[in-house]
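Trainee: Next one to model:
(one chain, ligands or ions: 2)
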Amino acid sequence: MSSQPLVVIDGIKIDVRLTRAKRLAIVDTATFDIHLGEIIGLIGESGSGKTMLCRSLVGTLHRRGAYIAAGQLTFDGIDLVAAKGNAWTEIRGKRIGYVPQSALAGPNPVMTIGAQLVEAIMQDKSFPKDKVNERAIELLNIVQIRRPEVVMHQYQHELSGGMKQRVMIACAIAQRPQLIVADEPTTGLDVTVQAEIMRLLLDIRSEFNTSIILVSHDLPLVNQICDNIVVMHAGSTVERIASKQITDAKHPYTRALYNSRIDLVEPKGQLTTINGQAPTVGNWPAGCRFADRCDFVQEACRVPQTMPILPTGPGQFSTCLRYNELDK
Ligand SMILES: Nc1ncnc2c1ncn2[C@@H]1O[C@H](COP(=O)(O)OP(=O)(O)OP(=O)(O)O)[C@@H](O)[C@H]1O
Ligand SMILES: [Mg+2]
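Mentor: Ligands and ions are numbered 1, 2, ... in the order given. Below you'll find the model as predicted:
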């Protein structure tokens with residue numbers, strides 16, 4: 001792994017415009033790095049801001065009426081906060097591939113799979129036109145779609161969920177991006193297809209040294225696939241932890257997520273859940289946003305503050321004031 005991170009997300013705050021004068025913070029604040037060839041799992045309850053953070057990496061926040069209000073975001077040294085239209089056409093799709101959360105709805109229903117792949121390939125205007133079909137078939141082969149020549153002429157309604165997701169991944173890797181942002185690429189797929197898609201992402205990483213952000217609600221799955229895990233809670237990144245350390249997490253929220261996983265291998269009988277609900281956007285408490293649900297809460301946690309980013313190991317952090325007391 002190179003020493004310089006490929007992506008630096010530092011104190012990113014994302015606001016949405018509600019009216020001309022009114023703004024609402026939906027991410028506040030996100031901080032973590034991604035190295036070349038690293039797979040990062042991004043987890044957290046629904047509404048914690050995972051998708052909006054992904055959108056900030058591909059410059060599509062404006063399509064949701066949102067924008068980066070503060071912080072720094074760089075990709076290979078390029079300032080993505082300052083990037084404007086033309087700069088994005090050189091980055092989105094070309095250097096950062098995106099598999100959006102709704103991808104299971106599938107590729108464009110009115111275009112053949114081949115036409116969509118051609119479109120993805122031709123984002124590079126210099127790509128030789130006589131080689132486009134060959135490259136489209138090569139991409140379908142990379143994502144292990146059988147009979148690619150036939151699939152090229154099919155429409156999305158003719159494909160299974162797993163095949164649609166493979167096509168979305170083929171489009172995302174068409175330009176050999178250095179980073180793939182995959183927002184819940186396996187939600188809604190059965191477990192065997194899920195495993196195949198995960199294997200595919202791992203193969204892409206080993207072959208091309210691609211960095212991957214994998215958004216998922218499935219902590220055991222993320223834990224198996226990813227090198228490191230970033231945990232979001234109520235608009236903030238609260239922990240970055242190595243997957244192999246997950247049983248020794250340094251934030252009570254990560255521990256609670258891990259303890260509430262469904263373990264099919266060793267069923268625990270009663271399922272554990274996290275007390276209460278995550279605070280919704282616009283209703284975040286000052287101080288630690290997990291305080292009301294936390295077994296380790298004390299007065300200091302409720303003091304109005306931006307929670308500090310406390311180093312817990314090389315490249316890792318927790319925002320829990322009591323991170324080193326959790327096992328006492
Ligand atoms: N345009 C908008 N206006 C107001 N609130 C918004 C807007 N877009 C997103 N939000 C809110 O921002 C928060 C973060 O949304 P986001 O989609 O990033 O969550 P998520 O972590 O991806 O959730 P999920 O796991 O359900 O996909 C949510 O509470 C959502 O309701
Ligand atoms: Mg989402």
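
Trainee: What's the local residue count around Pro308?
Mentor: The number of residues packed near Pro308 is 11, by other C-beta atoms under 10 Å. (Glycine included, C-beta is placed from N, CA and C.)

Trainee: Spatially central, which residue of the chain would that be?
Mentor: Val215 (3.6 Å; C-alpha atoms, centre = their mean).

Trainee: Wait, that residue touches Thr187, no?
Mentor: No - between Val215 and Thr187 there is no contact under C-beta atoms under 8 Å: 9.2 Å.

Trainee: The residue in the stretch 51-200 of the chain positioned nearest to ligand 2: what's it in contact with?
Mentor: Distances between the stretch 51-200 of the chain and ligand 2 by C-beta to the ion are smallest at Thr51, namely 3.2 Å. Thr51 sits next to Gln101, Asp183, Val215 when contact means C-beta atoms under 8 Å, 6 or more residues apart in numbering.

Trainee: near ligand 2, from the residues you listed?
Mentor: Filtering the contacts of Thr51 for proximity to ligand 2 (criterion: C-beta under 5 Å from the ion) leaves Gln101.

Trainee: which of the contacts of Thr51 lies closest to ligand 1?
Mentor: Distance to ligand 1 across those (C-beta to the nearest ligand atom) is lowest for Gln101, with 5.7 Å.

Trainee: What are the phi and psi values at the closest one?
Mentor: The phi and psi torsions at Gln101 (degrees, to the nearest 10) take the values phi -60, psi -40.

Trainee: same check, this time on Asp292
Mentor: phi -70, psi -20.

Trainee: Repeat that for Thr31.
Mentor: Torsion angles, degrees, to the nearest 10, at Thr31: phi -140, psi 120.

Trainee: Could you tell me how many residues sit around it?
Mentor: 18.

Trainee: That one and Leu310 touch, don't they?
Mentor: No - between Thr31 and Leu310 there is no contact under C-beta under 8 Å: 11.7 Å.

Trainee: Strands of the chain, start to end?
Mentor: 7-17, 23-34, 39-43, 66-75, 78-79, 96-99, 179-183, 211-215, 228-233, 236-242, 310-313, 316-318 (DSSP state E).

Trainee: Show the pLDDT at the residue lying farthest from the centre of the chain.
Mentor: Distance from the C-alpha centroid of the chain peaks at Asp130, with 35.1 Å (C-alpha atoms, centre = their mean). You'll see Asp130 listed with a pLDDT of 96.

Trainee: Please list all residues in contact with Asn324.
Mentor: Lys250.

Trainee: Relative to Ile246, how far out is it?
Mentor: 17 Å (C-beta to C-beta, to the nearest Å).

Trainee: Pull up the residues of the chain that are close to ligand 1.
Mentor: 16, 26, 44, 46-52, 64-66, 101, 281 (C-beta under 6 Å from any ligand atom).

Trainee: Apply 5 Å and report the result again.
Mentor: When proximity is defined as C-beta under 5 Å from any ligand atom, the chain approaches ligand 1 at Val16, Ile26, Ser46, Gly47, Ser48, Gly49, Lys50, Thr51, Met52, Arg64, Gly65, Val281.

Trainee: what comes up buried for the lengthiest helix in the chain?
Mentor: Assignment by DSSP state H gives helix 191-208 as the longest helix of the chain. With burial defined by 16 or more other C-beta atoms under 10 Å, the residues of helix 191-208 counted as buried are Val193, Gln194, Glu196, Ile197, Met198, Leu200, Leu201, Ile204, Arg205.
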